[in-house]
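Novice: Okay, structure incoming, though there's no sequence with it:
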């Protein structure tokens, strides 16, 4: 099938399967994979050939950039110790454990290729975890650790994967040497990411001043992760970490400098891009899986393949469970400050962190990006086997770990701690009070009785919303058909809300996630009022 036609069919399938997911109680990633498998039997599809290098560059940068952009800065700092221990320590343990174990289990698989397999299956997937647990709220700390880990271990796992691929090409591999090089290329990638983020920010500001066109800004934001990745690779640094650090910086910067229209448009465009990219990766997994199984079935018994897949899942799961408990308890037991800062650790929550090691799109993207042949032209050893084992690990973690997560959470009696809801509520109250104070101060300077009356109405409205704000529904009725002088007061109140919101975030009273939850309401009303003013001016 022609590439353009295939792409259009895949995008359409991503959307149709998402609709189906609302009708059947099956996680969306599994349905995407199943759809890909079904397409293998549709005439005209045949075997899907994907350029591995192009696949990696196309899919990885936007996925990781968005993870970094959305990561709450304050919360990442709160769980940085366990996140780093999982994202780096556990990744290296998984690479080494899987590498040596699978090489011993499958002697025909070179050690460097086995290490590449370990690196491929080491990153966890926050999207898959959220899909499995979205109806069962977890304690806030558990969610933060899982999200933070998935952001950073994508980078560390993929960097380790690149080293393993290079080692197989050269025929030598030293875990110690690779670890040292990892530090160097990681530091270089982080520096390049920040530099590209700063340059992109300046470019965005220049475009905003010159044109004020949100479409241009959004297009530049889509290109930024590719710029960070390619720039880092050009200087032989880590393109993966460059993308992650660029995303973290962009998320911090855009929260303060991005305009209302630009922010709304960028969020909508990025949500569509990420949805499509994640869906296509899972669909391609389904398309690649039958071919990999067919090639392997000609050489191995089905029972052997099943045993290898289950063995890899068991190794990955046991390594993770064996790692999370020391990370949770050893350091706090030795360092008193950690015990005070992190509080009492619930062993039930620690188990959930260990069990929720679901694999997803990044693992599949790495597997599908494996070279078809070495530099000498010889076939890449074990490529189909690695793709099969990576795909099996994704499926088994989704089916076994993922589908058992809800029952485990219920049986263990874990509940959401309501921290996010309390913070959101407190921030809403602070914004309403800030708007009320700004309007009360302005009322002293109003000469028109009509304006004072309207200002009093606004104050009453904000005070009423202090109990439960629902501006989205009220915006049309509350502010429709107002004169320009009244809309000025609306804009004054909204400006006070936005200023208070930024100050709460900058003082780390609330995190970026809470700020993003509140911004759309302010944005919506600001756009409404601004549009009405422009209309009145004509």
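Specialist: Nice, thanks for sending it over. None of the values given here were measured: they were computed from a predicted structure.

Novice: Excluding residues flanking it in the chain, which one is nearest residue 499?
Specialist: Spatially, and ignoring its direct neighbours in sequence, residue 499 is nearest to residue 434 (7.2 Å; C-beta to C-beta, 6 or more residues apart in numbering). In this view, the C-beta of every residue, glycine as well, is placed from N, C-alpha and C.

Novice: And residue 273, by the same measure?
Specialist: Residue 273's closest residue in space is residue 62 (C-beta to C-beta, 6+ apart), at 6.1 Å.

Novice: For that neighbour, which three-state class applies?
Specialist: helix (DSSP: H, G, I helix; E, B strand; the rest coil).

Novice: What is the least confident helix or strand in the protein?
Specialist: Ranking every helix and strand in the chain by mean pLDDT, DSSP states H and E puts helix 471-479 at the bottom, with a mean of 40.

Novice: following that one, which helix or strand comes up?
Specialist: helix 484-506 (DSSP states H and E).

Novice: Report the central residue of this structure.
Specialist: residue 67 (3.1 Å; C-alpha atoms, centre = their mean).

Novice: Now whatever helix or strand that one lives in: average pLDDT?
Specialist: Under the criterion of DSSP H and E, residue 67 resides in helix 52-70. The predicted model gives helix 52-70 an average pLDDT of 79.

Novice: by contact count, what packs against that helix?
Specialist: helix 140-170, helix 214-234, helix 239-257, helix 260-297, helix 361-368, helix 512-537 (3 or more C-beta pairs under 8 Å, 6 or more residues apart in numbering; DSSP states H and E).

Novice: out of these, nearest to residue 319?
Specialist: helix 140-170 (13.0 Å; C-beta to C-beta).

Novice: Can you tell me how far residue 319 is from residue 73?
Specialist: Counting by C-beta to C-beta, to the nearest Å, the separation of residue 319 from residue 73 is 30 Å.

Novice: Between those two, which is the more surrounded one?
Specialist: Ranked by neighbour count (other C-beta atoms under 10 Å), residue 319 and residue 73 place residue 319 first, with 22 against 16.

Novice: ok, and the closest non-adjacent residue to the more buried one?
Specialist: Nearest to residue 319 is residue 97, by C-beta to C-beta, 6+ apart, at 4.8 Å.

Novice: now the helices for the stretch 301-450 of the chain?
Specialist: Ranges of helices in the stretch 301-450 of the chain, per DSSP state H, counting those that start in this stretch, are 302-334, 336-342, 347-355, 361-368, 383-396, 403-412, 419-443, 449-465.

Novice: Show the average pLDDT along the second one.
Specialist: Averaged over helix 336-342, pLDDT sits at 69.

Novice: just stretch 228-236 next, same as before
Specialist: 90.

Novice: try stretch 254-264
Specialist: Summarised as a single mean, pLDDT over stretch 254-264 is 71.

Novice: Contacts for that stretch, please.
Specialist: By C-beta atoms under 8 Å, 6 or more residues apart in numbering, the residues outside stretch 254-264 that reach it are 69, 201, 204-205, 208, 212, 214, 217-218, 266, 502, 505, 512, 515-516, 519-520, 523, 526-527, 530.

Novice: Provide the count of other residues in contact range of residue 390.
Specialist: Residue 390: 27 neighbours (other C-beta under 10 Å).

Novice: correction: residue 12
Specialist: Count around residue 12 with other C-beta under 10 Å applied: 10.

Novice: go on, residue 314?
Specialist: 13.

Novice: can you offset everything so residue one is 640?
Specialist: Got it, the first residue is 640 from now on, which makes the last one we talked about residue 953.

Novice: how much space between it and residue 897?
Specialist: For residue 953, the distance to residue 897 - C-beta to C-beta - is 46 Å.

Novice: before we move on, what about residue 1162?
Specialist: As defined by C-beta to C-beta, residue 1162 lies at a distance of 10 Å from residue 897.

Novice: the more surrounded of those two?
Specialist: residue 897 (23 against 18).

Novice: I'd assumed residue 712 was in contact with residue 1152.
Specialist: No - contact criterion C-beta atoms under 8 Å: residue 1152 and residue 712 do not qualify, at 9.5 Å.

Novice: what sits up against stretch 1064-1075?
Specialist: Stretch 1064-1075 is contacted from outside by 1097-1098, 1101-1102, 1104-1105, 1108, 1132-1133, 1135-1136, 1138-1140, 1143, 1148-1149, 1153-1154, 1157, 1161, using C-beta under 8 Å, 6+ apart.

Novice: average pLDDT across that stretch?
Specialist: Stretch 1064-1075 comes out at a mean pLDDT of 80.

Novice: again with stretch 1011-1028
Specialist: Here the average pLDDT along stretch 1011-1028 is 78.

Novice: Could you export the helices and strands packed on helix 691-709 to JSON lines, including columns for distance to residue 977?
Specialist: JSON lines is the format used below for the helices and strands packed on helix 691-709 (distance: least, C-beta to C-beta, whole Å):
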{"stretch": "helix 779-809", "distance to residue 977": "14"}
{"stretch": "helix 853-873", "distance to residue 977": "33"}
{"stretch": "helix 878-896", "distance to residue 977": "24"}
{"stretch": "helix 899-936", "distance to residue 977": "35"}
{"stretch": "helix 1000-1007", "distance to residue 977": "30"}
{"stretch": "helix 1151-1176", "distance to residue 977": "24"}
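
Novice: just the ones you listed: most buried one?
Specialist: helix 1000-1007 (a mean of 28; mean count of other C-beta atoms under 10 Å).

Novice: and it, how far from the chain's centre?
Specialist: Relative to its parent chain, helix 1000-1007 has a centroid offset of 15 Å by C-alpha atoms, centre = their mean, to the nearest Å.

Novice: what is the orientation angle of that helix with helix 779-809?
Specialist: 10 degrees (axes from the mean of the first three to the mean of the last three C-alpha atoms, to 10 degrees).

Novice: Name all residues that make contact with the residue nearest to the residue nearest to the centre of the chain when sequence neighbours are not counted.
Specialist: Nearest residue to residue 706 in three dimensions, chain neighbours excluded: residue 790, at 4.6 Å (C-beta to C-beta, 6+ apart). Contact analysis of residue 790 by C-beta under 8 Å, 6+ apart lists 703, 706, 707, 710, 715, 726, 765, 883.

Novice: what's the distance between the last one and residue 671?
Specialist: When C-beta to C-beta is the yardstick, residue 883 and residue 671 sit 25 Å from each other.

Novice: likewise the fifth one?
Specialist: With distances defined as C-beta to C-beta, the gap from residue 715 to residue 671 amounts to 29 Å.

Novice: Of the two, which one has the most company?
Specialist: residue 671 (25 against 19).

Novice: pLDDT wise, what is that one at?
Specialist: Residue-level pLDDT assigned to residue 671 equals 88.

Novice: In three-state terms, how would it be classified?
Specialist: helix.

Novice: Can you tell me, leaving aside adjacent residues, what's nearest to it?
Specialist: residue 921 (3.6 Å).

Novice: Please name the residues that touch the one you found.
Specialist: Residue 921 sits next to 668, 671, 672, 675, 999, 1000, 1003 when contact means C-beta under 8 Å, 6+ apart.
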